[in-house]
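1. Kindly return the folded structure for what I paste below:
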Amino acid sequence: MWAIKENRGIRKVCRKLPSSVVKKYELWKDIVFRHGPEKLREFPGFHDEKLKGGRHGQRSSRLSLQHRVIYSVNRNIVTVFVLEITPHKY
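-> So this is what the prediction gives:
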């Protein structure tokens with residue numbers, strides 16, 4: 001089992017998001033908690049990927065066409081840190 005630690009502002013952000021995005025975020029958390037972040041790669045809908053540039057060392061998963069969850073992984077203590085849920089800019 002993995003631990004999931006959320007940034008302080010995540011709850012506030014979730015109240016403003018569409019319910020479909022919040023439901024997919026809850027599904028994302030359930031998958032990560034039970035199986036770890038590697039399991040996300042088996043679900044093409046999440047489009048899990050490494051980030052580059054200023055976000056080097058972080059990962060992104062798609063919650064909708066617009067919204068992404070940004071997170072980092074600490075394997076030493078089996079923890080996933082959810083940094084933010086943000087609208088993706090096109």
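2. where does this structure dip in pLDDT?
-> The model of the chain has pLDDT under 70 over residues 89-90.
3. for it, what spans make up the strands?
-> For the chain, the strands defined by DSSP state E occupy 3-6, 49-50, 59-62, 67-74, 79-87.
4. Give me the residues contacting the longest one.
-> The reference is to strand 79-87. Strand 79-87 has contacts (CB atoms under 8 Å, 6 or more residues apart in numbering) with 2-7, 9-10, 13-14, 17, 21, 25, 32, 37, 58, 63, 66-74. C-betas here are computed from N, CA, C, even on glycine.
5. what's the answer for the fourth one, then?
-> Where contact means CB under 8 Å, 6+ apart, the residues beyond strand 67-74 that reach it are 17, 21, 25, 28, 37, 51, 55, 57-63, 79-88.
6. just the third one next, same as before
-> Strand 59-62 is touched from outside by 28, 37, 40, 45-51, 68-73, 88, with contacts defined as CB under 8 Å, 6+ apart.
7. Show me how to select, in PyMOL, the buried members of those residues.
-> The buried subset of the contacts of strand 59-62, as determined by 16 or more other CB atoms under 10 Å, is captured in PyMOL by this line:
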select buried, resi 28+37+40+46+48+68+69+70+71+73
